[in-house]
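> Below are the sequence and a predicted model for it; my questions follow.
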Amino acid sequence: MKYLCLVYLDRENWSSCPDAVCADYVQHLVENGNFVAGDPLHPVESATTVRVRNGKTQLYDGPFAETKELLAGYYMLDARDLNDALRLAAGIPPAKYGSIEVRPVRQLDLGDTISDSQS
């Protein structure tokens, strides 16, 4: 099953974990068949939030939420179950400086939509 691990760091710890340390852990995940995808993100100042309300697109500089910890990157993992995903997430190096949110990835429920469109 796939799990998305969202890496959150506060501004003070944004660059605390060297890229090489994260790359080493990714290599470990690759070798064990757990790594699907992952990337670090640029600092929050580069973000733009898009909202559509009443048919109008609204753009905002920065993230939508005002929080102390900001989304810094992600790891997409393939794990046996939630316990395995949590074990792998605990090894993500930035966990020492911030937090890792682990969420299962769900498949879209398209029902008969696909078969209807192919008819």
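Yep, that arrived. Numbering: from 1, shown residues only.
> so what's V44 up against?
R11, G62, P63, L70, L71 (CB atoms under 8 Å, 6 or more residues apart in numbering). C-beta: built from backbone N, CA, C; applies to glycine.
> List only buried entries from the residues you listed.
L70, L71 (16 or more other CB atoms under 10 Å).
> Just put the contacts of V44 in TSV and tack on pLDDT, distance to P40 and secondary structure.
Below are those laid out as TSV (pLDDT from 0 to 100; distance: CB to CB, whole Å; DSSP: H, G, I helix; E, B strand; the rest coil):
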residue	pLDDT	distance to P40	secondary structure
R11	88	15	helix
G62	74	18	coil
P63	68	16	coil
L70	88	12	strand
L71	92	10	strand
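> just the contacts of V44 now: which is nearest Q27?
L71 (23.3 Å; CB to CB).
> Beta-bridge partners for that closest one, please?
Y8 (DSSP bridges).
> give the contact list for it.
Taking CB under 8 Å, 6+ apart as the test, what L71 contacts is L6, V7, Y8, L41, V44, P63.
> Please name the nearest non-neighbouring residue to the first one.
Right, L6. E101 (4.3 Å; CB to CB, 6 or more residues apart in numbering).
> my guess is that neighbour contacts Y8, does it?
Yes. Applying CB atoms under 8 Å, one finds E101 in contact with Y8, separated by 6.6 Å.
> what about the two, which has more around it?
Counted by other CB atoms under 10 Å, E101 and Y8 do not tie: Y8 has more neighbours, with 19 against 13.
> if I look at that one, how far off is I100?
7 Å (CB to CB, to the nearest Å).
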